[in-house]
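Q: Let's see this in three dimensions:
(2 chains, ligands or ions: 1)
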Amino acid sequence: MDDAELLTKIRADEPGAFEAFVDRFGDRIYGFGVRMCGEREDARDVAQDTLLQAYRSLKKLKHPEALKSWVFRVVSNACLMKRRKGNYQTNREISLDDLMPGEGEDFSSRIPDPGLGAEEELVRSETREAVRAAIDLLPPHYRMVLMLRDMEHFSTRETAEILDLPQSTVKMRLHRARLMVRSELAGAVTGGGQP
Amino acid sequence: MTHPKHDRLECRAMFEKLSEYMDGELKENACTRFDEHFRDCPRCVEFVEQMRRAVKLVEDMPCPRLPDDLRRSLIAAAESMDDHPDSS
Ligand SMILES: [Zn+2]
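A: The predicted model follows:
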C-alpha cells in the first residue's frame, strides 16, 4: 500500500485504517521522539499525541504526497513543545571556526567503514553505540535537522517546510551536525583552541 | 605535505560547503572547484571520506520500535475516538 492508498483508506474511515497508519509511521515517530526526548515517558507521549493528532487531521490533507511531511511536521512540533516545557535552551548557532579540525588532526582512519559488511557483531554494536552517543550530544535544533535529512531522507526543501525554516538555515544546521558527529566518531578533541 | 600551490583558505572554503557538495546541491562550477582542490589536497580528501562514513553510519542507524503496549493503547484510544466523534 502506498501513501495515496493509505490516505484513501483513512479518509474513508475503513476498518483497520488507523492500524495501517500506525504500522507505516509508528516506529519512525516513536524513534524520532526517543532521539529528541530520550527514552523516557516523553517519547511515549510524543508518539501517542502525534499519531492520534496526525491521524485526525489527515482527513483535511489535500495532497497524499505530503503525507510523510505532514506527519513529521506534527511530530517535530510535538518535540519542540516538550522541550519548551523542559529546560530552556536557545537555538544558538555554533560557529564554523569552532568546528574546524586542528592542523595536526589525522583524518586517515578511525571511523569504521560502514561498507565493510564482514565486521564482527561486537564491532558493529560498539559503532552503533558511538553513533547514538554522537547524535545525542548534538544540540536539539541540530539533531532535528540531521534526523530529518539523514535518517528520514527529506530533501532540504522539505525539511525547511517541515520546520518552518529557511533552506539556508537547514543547510547550515545539517552541515554543523554532520561535522560534530564526524568529530565525535573520530574521537577528535574539539575546541582545543588550535590556530 | 603541503602542496606548493596549496592554499589553506581554499581548504576553509571547501570545509564550509562540504555538505552541499556531498549532497549534490552545488552548482557545477563550484563542484569543479572542489574536484580541482581535491587533486592537490589529500587532507581534504581524507576529511570528506570521514564525513561520508559518518553520514553513512547515521543513515544506517536502526530505528527504535514502537513498544507493543503503546501500540495497543493507541489503537484502543483511536477506537474510542471513533465511538465518540467530535461534533465539528
Ligand atoms: Zn584542502
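Q: For chain B, just list every one of the strands.
A: For chain B, applying DSSP state E gives no strands.
Q: Now do the contacts for the spatially most central residue of it.
A: By Cα atoms, centre = their mean, chain B has its centre lying nearest to B:Val55, at 5.3 Å. By Cβ atoms under 8 Å, 6 or more residues apart in numbering or on different chains, the residues touching B:Val55 are A:Asp150, A:Arg178, A:Val181, B:Met22. The C-beta positions use only the backbone N, C-alpha and C, and glycine is treated the same way.
Q: who wins for most neighbours among those?
A: Scoring those on neighbours with other Cβ atoms under 10 Å in any protein chain shown, the highest-scoring entry is A:Val181 at 27 neighbours.
Q: Let me know the helix or strand that it is in.
A: Taking DSSP states H and E as the definition, A:Val181 sits inside helix A:167-185.
Q: what do you get for A:Ala43?
A: Under the assignment here (DSSP H and E), A:Ala43 is part of helix A:41-57.
Q: wait, does that helix contact chain B?
A: Yes - legend: contact between helix A:41-57 and chain B by Cβ under 8 Å from any Cβ of the partner chain is shown at A:Arg44, A:Ala47, A:Gln48, A:Leu51, A:Leu52, A:Tyr55, A:Arg56.
Q: For the helix or strand bottoming out on mean pLDDT in chain B, which helices and strands make contact with it?
A: Ranked by mean pLDDT, DSSP states H and E, the helix or strand of chain B with the weakest confidence is helix B:68-83, at a mean of 85. Under the contact criterion of 3 or more Cβ pairs under 8 Å, 6 or more residues apart in numbering or on different chains; DSSP states H and E, helix B:68-83 touches helix A:17-37, helix A:41-57.
Q: Looking at these, which one is packed in the most?
A: Of all the helices and strands packed on helix B:68-83, helix A:17-37 has the most neighbours on average by mean count of other Cβ atoms under 10 Å in any protein chain shown, namely a mean of 21.
Q: Does chain B have contacts with it?
A: Yes - using Cβ under 8 Å from any Cβ, helix A:17-37 reaches chain B at A:Phe18, A:Glu19, A:Val22, A:Gly26, A:Asp27, A:Arg28, A:Ile29, A:Tyr30, A:Gly31, A:Val34, A:Arg35.
Q: List the contacts of the residue in chain A that the ion sits nearest to.
A: For chain A and the ion, the shortest gap (Cβ to the ion) falls at A:Phe107, measuring 10.7 Å. Taking Cβ under 8 Å, 6+ apart, we find A:Phe107 in contact with A:Pro101, A:Ala186, B:Arg43, B:Glu46, B:Phe47, B:Glu49, B:Gln50.
Q: Looking at these, which is nearest B:Asp69?
A: Nearest to B:Asp69, judged by Cβ to Cβ, of the contacts of A:Phe107 is A:Ala186 at 39.4 Å.
Q: Which phi and psi values does that closest one adopt?
A: According to degrees, to the nearest 10, the main-chain angles of A:Ala186 amount to phi -80, psi 0.
Q: now it, nearest residue through space, not along the chain?
A: Closest residue to A:Ala186 apart from its sequence neighbours, by Cβ to Cβ, 6 or more residues apart in numbering or on different chains: A:Arg110 at 5.1 Å.
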